[in-house]
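Engineer: heads up, no residue letters with this:
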């Protein structure tokens, strides 16, 4: 079960994807969120994929709120499974750390 990272309550639906209750305060790093959105758009263009296939808005928001610094912290976020971690994990961690991630290698559609 996914729990709110602020109050610990069990979450379902959209709240589970964001990682917190609607009533609990969020602390989104707006600049990081915009860097993540720009990276996702660029990556989607390079890979000929839809942006939400890369990572959803809810996952980007959770990343911008939690600011994970390690793989262990990143995989705790909703929307980050092994495939997303393998494909995009290092780029996301680079963005959180303020570094520019390398360009994605070209891949066909899954």
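Structural biologist: Sure, I can see it. Model, not experiment: these values are computed from the prediction. Residues are numbered from 1 along each chain as shown.
Engineer: the longest helix along the chain - contacts with which helices or strands?
Structural biologist: Counting residues, the longest helix found in the chain (DSSP state H) is helix 30-47. When contacts are defined as 3 or more C-beta pairs under 8 Å, 6 or more residues apart in numbering; DSSP states H and E, helix 30-47 packs onto helix 51-54, helix 57-66, helix 82-96. For glycine as for every other residue, the C-beta is placed from the backbone atoms N, C-alpha and C.
Engineer: mean confidence for the shortest one?
Structural biologist: I take that to be helix 51-54. Averaging pLDDT along helix 51-54 yields 96.
Engineer: on contacts alone, who are the packing partners of it?
Structural biologist: Applying 3+ C-beta pairs under 8 Å, 6+ apart, we find helix 51-54 packed against helix 30-47.
Engineer: ok and the helix it packs on relative to helix 57-66, angle-wise?
Structural biologist: Going by axes from the mean of the first three to the mean of the last three C-alpha atoms, to 10 degrees, helix 30-47 is angled at 140 degrees with respect to helix 57-66.
Engineer: give me the neighbour count for residue 83.
Structural biologist: Using other C-beta atoms under 10 Å, residue 83 is surrounded by 9 other residues.
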